[in-house]
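Chemist: Sequence plus the predicted model coming up.
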Amino acid sequence: MQDITNIVVRPLQSSKYIKPVSVHYILNGKSRISYAVTSSNCVAVIIHNISKNELVFVKQFRAAKYFSNVAENDRYGQIDLKKYSPDLGISLELCAGTVDKEASLEEIVAEEILEECGYKVNVSSLEKVHSFPANEYSTIITHIYYCEVTEAMKINKGGGIDDELIEVINMPVTQVQEIISKDNSLIHPILIYCFYWFLKNKGELPQ
């Protein structure tokens, strides 16, 4: 899908997207230090193509996923791509984006759907599902939405903008039902939740 070469891992010097901080406090009279990462919140959307009864996802390379699949003693410096294929970093995800502009969450969701998947939707058609913290070490909140689309609403092929390299994946609902019946250790927990939410509220859970 993507021609990824020359992967090198270095310590983080600075980033406009992610900022690590240390939090100092007193607990039961003792000084403590904890660590956290601050960043922008996110939106994501479960897209149901009702014309084909398919869910619409995206695939793209995620450095963090790749890094987690590299053995600890091989993680720094030049990565051996013969030993660790870049495919280890390809992630199946909901269409999503960062909350980094002056717009409502729904407006950002609609913009991401158009850019990444090619469907033009009205913000009034979006249904709020849930909001999740990323984890206990991060300030990031992901806001999940649900949207129904038809083939008539598709006005471009998607794939992202600028230098984004995003593959649009159309998955039959029956395949989603099969996925949740198997080992889900390689799929993000929020995505698994969204699978179950969709099948419970909009589809049919497997027996």
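Modeler: Alright, I've got the coordinates.
Chemist: and the helix or strand bottoming out on mean pLDDT in the chain, what other elements does it pack with?
Modeler: For the chain, counting by mean pLDDT, DSSP states H and E, strand 8-9 ranks last in confidence among helices and strands (a mean of 80). Counting contacts by 3 or more CB pairs under 8 Å, 6 or more residues apart in numbering; DSSP states H and E, strand 8-9 is packed against strand 77-78. Where you see a C-beta, it was placed from the backbone N, CA and C, and this is true even at glycine.
Chemist: quick one: average pLDDT of the strand it packs on?
Modeler: What strand 77-78 shows for mean pLDDT is 90.
Chemist: Listing partners with orientation, what would you give for it?
Modeler: strand 8-9 (antiparallel) (DSSP bridges).
Chemist: So the residue nearest to residue 202 when sequence neighbours are not counted: helix, strand or coil?
Modeler: Distances taken as CB to CB, 6 or more residues apart in numbering put residue 48 closest to residue 202, at 6.3 Å, once the chain neighbours are dropped. The local conformation at residue 48, judged by DSSP: H, G, I helix; E, B strand; the rest coil, is strand.
Chemist: Give me the pLDDT value at residue 48.
Modeler: In this prediction, residue 48 carries a pLDDT score of 96.
Chemist: Could you check how many residues crowd around it?
Modeler: Taking other CB atoms under 10 Å as the criterion, the count of residues near residue 48 is 20.
Chemist: residues contacting it?
Modeler: Neighbour list for residue 48: 54-56, 146-149, 198, 202 [criterion: CB atoms under 8 Å, 6 or more residues apart in numbering].
Chemist: tell me the contacts of the residue in the chain sticking out farthest from the centre?
Modeler: Among the C-alpha atoms of the chain, the one most distant from their mean position (CA atoms, centre = their mean) is that of residue 29, at 40.3 Å. Residue 29 makes no contacts at all, as judged by CB under 8 Å, 6+ apart.
Chemist: circling back to that earlier point, Produce a PyMOL select command limited to the buried residues of the contacts of residue 48.
Modeler: Entered in PyMOL, the line below selects the buried ones among the contacts of residue 48, by 16 or more other CB atoms under 10 Å:
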select buried, resi 54+55+56+146+147+148+149+198
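Chemist: pLDDT weak spots in the protein?
Modeler: By pLDDT under 70, the weakly predicted segments of the chain are 1-2, 14, 183-186, 205-207.
Chemist: need the longest helix for it.
Modeler: If you go by DSSP state H, the chain has its longest helix at helix 189-201.
Chemist: Now do it: everything it contacts.
Modeler: Outside helix 189-201, the residues that touch it by CB under 8 Å, 6+ apart are 44, 46, 48, 55, 92-94, 129-130, 132, 142, 144, 146, 173, 176-177, 179-180, 184, 205-206.
Chemist: go with 10 Å
Modeler: With contacts defined as CB atoms under 10 Å, 6 or more residues apart in numbering, helix 189-201 is touched by 44-46, 48, 55, 57, 91-94, 96, 127, 129-130, 132, 134-135, 142, 144, 146, 171, 173, 176-177, 179-180, 184-185, 187-188, 203, 205-206.
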